[in-house]
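K.L.:
Okay, here's the prediction I keep looking at, along with the sequence it came from:
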Amino acid sequence: MKRLIIAAALAGAVLAPFSALAAKDSVTFAQRLEPPGLDPRTGAAAAISLTTLYNIYEGLTRVDEKGMVHPNLAESWTISDDGLTYTFKLVEGVKFHDGADFDSSDVKYTFEANAAEDSQNKRKDRFTNMESIETPDANTVVIKLKERRPALLEQLSESTAVIVDPASDATNATNPVGTGPYKIESWTKGDSLKLTAADTYRDKDAIAIKNVTIRFIGDGTARLAALLSGDVDVSDIPNELVGSDSLKEDFDILVGNTNGETILSTNNANEALSKLKVRQAIAHAINRKEIIDGAMFGFGTPIGSHFAPHHPDYVDLTGTYSYDPELSKKLLAEAGYPDGLELSLKLPPVDDYARKGGQIVASQLEKAGFKIKIENVDWPKWLDEVYKKKNYDLSIVSHVEPMDIGIYARENYYFNYNNPKFNEVMAAAESAASAAERTELLQTAQKMLADDAVNGFMFQLPRVVVVRKGLNGVWKDMPFFVTDVARMSWSD
């Protein structure tokens, strides 16, 4: 039946208009999820960053495809010898989309709002670590930290650190105003978001792509059909369709990395799951290769802790708990569950790693003596029940934020993991005096998570994207969830 559906979709694509092929100053992307809002400082969804970062909003710095830090709203900076004071020189002549001038007061306002008691910023701790923010003149910002943060320049390039106009801050979720190369033209809920080049942008003549359409297409086969019809220029598609002969002539397939650790999220406060032997039983039940082959069609890198394999501080800990379902049964019995353990598995609406992967994981756990009840939920319900209320046993999700191992030290985070020793290691890593010291501490932290089997660590989410030939500048690797359109162009 699935093959018939795919064939019908591709047949329909042949008859569709080639709208996306006409203009070389325009580009259309397909995105599986629609952002719930357009303010990346207050929303946790990756779709917000993917849509708005470097397009609508900018930070003091930015990163490129390889994760290297570059100037952005700050043209230069100096760091004190003790690593506690950062002095930024801002680019002059920058304007917000509403015509307001950008200056140092906007940086001060934004960062202080991010640190405020009522802040919803998911990286709030980075801003509460700022002891003071001084603005000696309109083009200078001096930030004094309470503790060293060697990764601050990279962190200031993330979506949670974009600079906003105080006058429009309250309405950014629906009517975003930034300093970026594009401003919002329209948002048709459930269908698409359209951006157009901003006249206020300081380097507008250098922008080759003037019009951007982001279409929200949840079904992977429909995204493939939109590519083949010419309605879409860039999209991910289900991995099983990547080898389609119909793509070979007109498209390039980019296969790279993301920062998405795909995990079997585990509620460590659950009475049974609070027992190390039960979590170890889960770890021994997981066959990563089977999950990657079955759900991701071979795309993905196995992980044994919450850390990206392409990061220089990565340690391969996949051997900490080898696949051994018989040992899982033994550990379950030792933990007090000789007749097995019933657990729920709440899966968000992601077809490949969550829904397909969830079926495979459930089967693996059942072979090891668990009894798994699968519940498919939509994103609002997942965010409410799993992420906010922690009303779950197990779930599957990709955590896509860069260098987010620190979430395990957060109080009341949805894993309900509480390890003071781990928190101490992470605090020391955040303020490490040298790169070597930071590496050692981060590797210690990785091993602690692996040994504790906090979650079922499965694989690193790959970046597999289909790009129409002639479009240059699309990132193969994705250190952040960014669609950096301003640096794209069509070949003549």
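P.N.:
Looks like it arrived, so ask away. Numbers count the residues shown, from 1 in each chain.
K.L.:
center of the chain, which residue is that?
P.N.:
Centroid check for the chain by C-alpha atoms, centre = their mean gives residue 400 as the closest residue, at 2.8 Å.
K.L.:
I'd say it and residue 262 touch.
P.N.:
No. Between residue 400 and residue 262 there is no contact, the gap being 9.5 Å when judged by C-beta atoms under 8 Å. Bear in mind the C-beta positions are built from the backbone N, C-alpha and C, glycine included.
K.L.:
In contact with residue 374, which residues?
P.N.:
344-345, 347, 358-359, 362 (C-beta atoms under 8 Å, 6 or more residues apart in numbering).
K.L.:
check contacts around residue 444.
P.N.:
Shown in contact with residue 444 (C-beta under 8 Å, 6+ apart): residue 425.
K.L.:
got it, and the one 10 residues further on?
P.N.:
Contacts here follow C-beta under 8 Å, 6+ apart; on that basis residue 454 touches 266, 268, 279, 306, 408, 415, 417.
K.L.:
And those residues, which is closest to residue 251?
P.N.:
Nearest to residue 251 among those, counting by C-beta to C-beta, is residue 306 at 33.5 Å.
K.L.:
what helix or strand does the closest one sit in?
P.N.:
Under the criterion DSSP states H and E, no helix or strand holds residue 306.
K.L.:
what's the answer for residue 359, then?
P.N.:
Using DSSP H and E, residue 359 falls in helix 357-367.
K.L.:
neighbouring contacts of that helix?
P.N.:
Contact partners of helix 357-367, identified using C-beta under 8 Å, 6+ apart, comprise 262, 264, 282, 285-287, 290-291, 294-296, 325, 343, 345, 347, 372, 374, 396, 456, 458.
K.L.:
filter these to the buried ones?
P.N.:
262, 264, 282, 285-287, 291, 294-296, 325, 343, 345, 347, 372, 396, 456, 458 (16 or more other C-beta atoms under 10 Å).
K.L.:
What about the residues you listed, which are in helices?
P.N.:
Mapping the buried ones among the contacts of helix 357-367 onto helices (DSSP state H) picks out 282, 285, 291, 294-296, 325.
K.L.:
now, which of these sits nearest residue 231?
P.N.:
Out of those, the member with the shortest distance to residue 231 (by C-beta to C-beta) is residue 296, at 26.1 Å.
K.L.:
where exactly do the helices run in the stretch 301-450 of the chain?
P.N.:
Assigned by DSSP state H, counting those that start in this stretch, the helices in the stretch 301-450 of the chain fall at 325-334, 357-367, 379-381, 420-430, 435-452.
K.L.:
Against residue 261, how distant is the closest residue to residue 438 other than its chain neighbours?
P.N.:
Using C-beta to C-beta, 6 or more residues apart in numbering and skipping the chain neighbours, the partner closest in space to residue 438 is residue 432 (3.7 Å). Distance, residue 432 to residue 261, using C-beta to C-beta, to the nearest Å: 22 Å.
K.L.:
Now do the buried residues in stretch 355-363.
P.N.:
Those would be 355-362, for stretch 355-363 by 16+ other C-beta under 10 Å.
K.L.:
For residue 204, state which of those is nearest.
P.N.:
For those, the residue nearest residue 204 by C-beta to C-beta is residue 355; the value is 42.7 Å.
K.L.:
Pull up the gap between that closest one and residue 372, please.
P.N.:
Applying C-beta to C-beta to residue 355 and residue 372 gives a distance of 14 Å.
K.L.:
ok, back up a step: what is in contact with residue 400 and residue 262 at once?
P.N.:
residue 461.
K.L.:
Enumerate every residue touching the residue nearest to residue 438.
P.N.:
Applying C-beta under 8 Å, 6+ apart, we find residue 432 in contact with 148, 150, 438, 441.
K.L.:
Make TSV from these and add neighbour count, pLDDT and distance to residue 72 to it.
P.N.:
Converted to TSV, these look like this (neighbours: other C-beta atoms under 10 Å; pLDDT from 0 to 100; distance: C-beta to C-beta, whole Å):
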residue	neighbour count	pLDDT	distance to residue 72
148	17	93	22
150	18	89	19
438	19	93	24
441	20	97	29
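K.L.:
So which of the residues you listed is the closest to residue 124?
P.N.:
residue 148 (18.4 Å).
K.L.:
if I've got this straight, the closest one is in a helix?
P.N.:
No. Remark: residue 148 does not belong to a helix; assigned using DSSP: H, G, I helix; E, B strand; the rest coil, it is coil.
K.L.:
thought it was touching residue 83?
P.N.:
Yes. Using C-beta under 8 Å, residue 148 is in contact with residue 83, at 4.1 Å.
K.L.:
For these two, list the residues in contact with both.
P.N.:
In contact with both residue 148 and residue 83: residue 433, using C-beta under 8 Å, 6+ apart.
K.L.:
any idea how far residue 149 is from residue 49?
P.N.:
As judged by C-beta to C-beta, residue 49 and residue 149 stand 21 Å apart.
K.L.:
which one of these two has more residues nearby?
P.N.:
residue 49 (24 against 21; other C-beta atoms under 10 Å).
K.L.:
next helix or strand past the helix or strand that one falls within?
P.N.:
Take DSSP H and E as the rule and residue 49 turns out to sit in helix 46-52. Next along the chain after helix 46-52, taking DSSP H and E as the criterion, comes strand 61-63.
K.L.:
any idea of the mean pLDDT for that following strand?
P.N.:
In this model, strand 61-63 has a mean pLDDT of 96.
K.L.:
Quick one: list the elements packing against that strand.
P.N.:
Secondary-structure packing of strand 61-63 (3 or more C-beta pairs under 8 Å, 6 or more residues apart in numbering; DSSP states H and E): strand 69-71, helix 152-155.
K.L.:
ok, now with 10 Å
P.N.:
Counting contacts by 3 or more C-beta pairs under 10 Å, 6 or more residues apart in numbering; DSSP states H and E, strand 61-63 is packed against strand 69-71, strand 74-79, helix 152-155.
K.L.:
So what touches that strand?
P.N.:
For strand 61-63, the surrounding residues in contact (C-beta atoms under 10 Å, 6 or more residues apart in numbering) are 53-54, 68-74, 77, 88, 152-158, 161, 402, 479-480, 482, 484.
K.L.:
low-scoring pLDDT stretches of the stretch 151-300 of the chain, where are they?
P.N.:
Scanning the stretch 151-300 of the chain for pLDDT under 70 picks out no residues.
K.L.:
Do you have the strands of it handy? List them.
P.N.:
With DSSP state E, counting those that start in this stretch as the criterion, the stretch 151-300 of the chain has strands at 182-188, 192-197, 211-216, 234-235, 251-266.
K.L.:
Distance to residue 204 added to those strands, as CSV?
P.N.:
Listed next are the strands of the stretch 151-300 of the chain as CSV, based on distance: least, C-beta to C-beta, whole Å:
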stretch, distance to residue 204
strand 182-188, 10
strand 192-197, 6
strand 211-216, 13
strand 234-235, 22
strand 251-266, 28
